[in-house]
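Novice: sequence and predicted structure below; questions after.
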Amino acid sequence: MTRVEAIVIGAGQAGLSAAYHLRRLGIDFVVIDANDRPGGAWQHRWDSLTMHDVHGVADLPGMPVPDFDPKARANAAVPAYFADYERRFDLSIRRPVTVQSVTPDGPGPGATLTVHTSDGDLRTRAIVNATGTWDTPFLPYYPGARDFLGPQFHASGYPGPEFFRGLRVVVVGGGASAVQFIGELAGVASDIVWVTRREPIWRTGEFNPDAGREAVALVEDRVRQGLPPRSVVSVTGLMLRPQERLAAEMGLYDARRPMFERVEPHGVTWADGHVEHADAILCATGFRPSISHLSPLRLRGPNGGVQLEAPRDPHTFTTATKDPRIHFVGYGPSASTIGATRAGRVAALAVRDQLAG
């Protein structure tokens, strides 16, 4: 069985950052990626998402982001940057390889771990988990959903605005993706009905560094308590961009409705009996952390999340409290591109300390 000091699972922003710092620290490691090419989750984004639309891509360590063409597709431009990065630093990522499970080789945090993959087993002393969320879309159960006769999509499978031309669309979800989809579909779909479980939180003040730190601190508090992480945008609030101006002028954001009670073959029904015809349903209901391969380690606590601690940086939580051999990047407060880059460095240092200890 191949043995290495550390294994990085996932080659997105967080995984590449961790790999860079592990190499700089002289630690023997491998990176395993389930995708067949570079790009992490970016390669799976919808074609209509351009670099003008994204909220920003942070620099990977040692190589600044290029001057992206605002009109370039994000699912091509960012993967090209990641591919150049892998070549420049010779990261030798193993792909496509799927991690099936991680099991302990003995009791206690000093024992090694066996990583069972589609390409054989590996033994290691430390794992940096950078699997993100894209592979685990969250699709709530809606009574009658199986009876709906039109197309239903989760954001992970969004086919682009042209698919919905002339259709009456129900958009479900109160996050940034739902706001963006409504902006894209305005003037394309014949009508849009926006439904959310809770009143959307809109950001009215300036989003300055202090506001950003405050928002991240709220997400940090959740992972400190072992609660399921929330996205940073869930605490920063929503803000309309120029490309959503048409939808705002049409009143589509003001006409939000509470969650429907059930799905009918040709639409949705509310608790008061009101029926809304729909040709298609688009669910921007978010994602969950892709960590099922870590289930044998029993890292989840009674609150449903993985409790993390910050052994090196008081503002960057990466190490699992229940098992200091497991380090998380791109999870909770580090799920943004900036946070993922910083967490990669902190996790690599934590791995070094763990191996030395």
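Specialist: It's in. Fair warning: this is a prediction, and the values are worked out from it, not measured in the lab. Numbers count the residues shown, from 1 in each chain.
Novice: could you list the low-pLDDT ranges of this protein?
Specialist: Within the chain, the segments meeting pLDDT under 70 span 204-216, 218, 231-236.
Novice: ok, and the closest non-adjacent residue to the residue nearest the centre of it?
Specialist: Nearest to the geometric centre of the chain sits residue 133, at 4.0 Å (Cα atoms, centre = their mean). In this structure, residue 133 finds its nearest non-sequential neighbour in residue 287, 3.6 Å apart by Cβ to Cβ, 6 or more residues apart in numbering. For glycine as for every other residue, the C-beta is placed from the backbone atoms N, C-alpha and C.
Novice: cool, residue 174 as well?
Specialist: Excluding its sequence neighbours, the residue lying closest to residue 174 (Cβ to Cβ, 6+ apart) is residue 196, at 3.6 Å.
Novice: please report phi then psi for that neighbour.
Specialist: Phi and psi for residue 196, reported as degrees, to the nearest 10, are phi -140, psi 160.
Novice: could you do residue 287 as well?
Specialist: Backbone torsions of residue 287, given as degrees, to the nearest 10, read phi -140, psi 160.
Novice: and residue 154, by the same measure?
Specialist: phi -90, psi 160.
Novice: mind listing what it touches?
Specialist: 137, 139, 283-285 (Cβ atoms under 8 Å, 6 or more residues apart in numbering).
Novice: please enumerate the strands of the stretch 201-350 of the chain.
Specialist: With strands called from DSSP state E, counting those that start in this stretch, the stretch 201-350 of the chain shows them at 257-258, 262-264, 267-269, 275-277, 280-283, 308-309, 319-320, 326-328.
Novice: work out for me the element residue 87 sits within.
Specialist: helix 74-88 (DSSP states H and E).
Novice: could you list the buried residues of that helix?
Specialist: 74-75, 77-82, 85-86 (16 or more other Cβ atoms under 10 Å).
Novice: counting contacts, what elements does the next helix or strand along the chain from that helix pack onto?
Specialist: Going down the chain from helix 74-88, the next helix or strand is strand 99-104, by DSSP H and E. Contact analysis of strand 99-104 by 3 or more Cβ pairs under 8 Å, 6 or more residues apart in numbering; DSSP states H and E lists strand 113-117 as its packing neighbours.
Novice: now what about the strand it packs on, what contacts it?
Specialist: Against strand 113-117 from outside (Cβ under 8 Å, 6+ apart): 1, 7, 9, 32, 97-105, 121-125, 127, 325.
Novice: quick one, which of those residues are buried?
Specialist: Buried among the contacts of strand 113-117 (16+ other Cβ under 10 Å): 7, 9, 32, 97-99, 102, 104, 122, 124-125, 127, 325.
Novice: return the distance of stretch 14-34 from the chain's centre.
Specialist: Here the centre of stretch 14-34 is set off from its chain's centre by 20 Å, with Cα atoms, centre = their mean, to the nearest Å.
Novice: actually stretch 68-86, sorry about that
Specialist: Here stretch 68-86 shows a centroid-to-chain-centroid distance of 18 Å under the convention Cα atoms, centre = their mean.
Novice: likewise stretch 282-297?
Specialist: 9 Å.
Novice: likewise for stretch 165-175?
Specialist: 21 Å.
Novice: name the residues that touch that stretch?
Specialist: The contact list for stretch 165-175, computed with Cβ under 8 Å, 6+ apart, reads 150, 155, 178, 181-182, 185, 188-200, 231, 233-234, 238, 259-260, 267-268, 276-286.
Novice: right, I'll leave it there.
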